[in-house]
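**Q** The following comprises the amino acid sequence and a computationally predicted model.
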Amino acid sequence: MIDRRSLRLSATLLLVGQLLFIAITLFHADGEANNHPAVFAEYAASATWKAVHLGQFAAMAIFLAGLLALHFALDVERGMAPWASRFGAASAVAAFALYGALQAVDGIANKQTVDAWVSASAADRAARFASAEAIRWLEWGMRSYQNYALGLAVLLSGAAVARVAPIPRPVGYLMVLSGLTYLVQGWVVGAQGFSGMETIAIELAYVLDIVWMIWLAVVASRTREP
């Protein structure tokens, strides 16, 4: 019921992508994200903004490639598991497309507008700030729906994994929980922006992801070809 080579590839891509994403995000310009005057000044002063966002895009691509490889690793033909796997793979593709659009807004448009704001004359400063906030709110919307798509991808993949031997069912259950945290992130960002509650959901997702990814990697390393 498992393509062992695809499972090992999936586990590797997932863990590498997640760890790389976390490491790169540590270099992201910091600040109180919903305090726009303060955080926009931090963003404008960042010399690594575009590189960090490009790195995040690459890491997310690796992560989602791991989810797609997991779909091919799961050789399921009965019940709801194959449909969960297929819809999970489709959601992963949608999440990647949305993440590319998100990084175009955040990694490029956001930086351009905050740079224009800090360098604007006193007469133009209010209008430039309004433009930067409009891009910020667009970022909220993109982030919200990207989180929804990513959450569905992880949740549905986890539902399929929970029905497949020899992967332990708790791995799939942890994936479902992780997917739910991404759905919560999507809701919170859409309602509150980048609030403290969203930060808690992000950190919880990181912890859950690392646990189930390491577990999956251990299972994959111990699975032998017949």
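**A** All right, it came through fine.

**Q** so residue 2 touches residue 166, yeah?
**A** Yes. In this structure, residue 2 is within contact of residue 166 by CB atoms under 8 Å, at 7.0 Å. Using the backbone N, CA and C atoms, a C-beta is placed for each residue, glycine as well.

**Q** With neighbour numbers in mind, choose between those two.
**A** Neighbours around residue 2 and residue 166, counted as other CB atoms under 10 Å, are more numerous at residue 2. The numbers are 17 against 11.

**Q** returning to that earlier point: list residues touching both of residue 2 and residue 166?
**A** When CB atoms under 8 Å, 6 or more residues apart in numbering defines a contact, the residues bordering residue 2 and residue 166 alike are residue 223.

**Q** Give the residue farthest from the middle of this protein.
**A** The outermost residue of the chain, judged by C-alpha distance from the chain's mean C-alpha position using CA atoms, centre = their mean, is residue 123 at 39.1 Å.

**Q** Distance of residue 7 relative to residue 220?
**A** As for residue 7, its distance to residue 220 is 5 Å (criterion: CB to CB, to the nearest Å).

**Q** With residue 53 instead?
**A** In this view, residue 53 and residue 220 are 31 Å apart by CB to CB.

**Q** Skip the chain neighbours and tell me the closest residue to residue 70.
**A** Nearest non-adjacent residue to residue 70, counting by CB to CB, 6 or more residues apart in numbering: residue 10, 4.1 Å away.

**Q** got any ranges where the chain has weak pLDDT?
**A** Residues of the chain meeting the criterion pLDDT under 70: 1, 76-79, 224-226.

**Q** How many residues are close by the nearest residue to residue 43 once chain neighbours are set aside?
**A** Leaving aside its chain neighbours, residue 43 sits nearest to residue 114 (4.7 Å; criterion: CB to CB, 6+ apart). Taking other CB under 10 Å as the neighbour definition, residue 114 ends up with a count of 27.

**Q** how about residue 114, what does it touch?
**A** When contacts are counted by CB under 8 Å, 6+ apart, residue 114 touches 40-41, 43-44, 132.

**Q** Try it again at 7 Å.
**A** 40, 43-44, 132 (CB atoms under 7 Å, 6 or more residues apart in numbering).

**Q** Just the closest of those residues to residue 26, please.
**A** For residue 26, the nearest member of these is residue 43. The distance, counting by CB to CB, is 16.1 Å.
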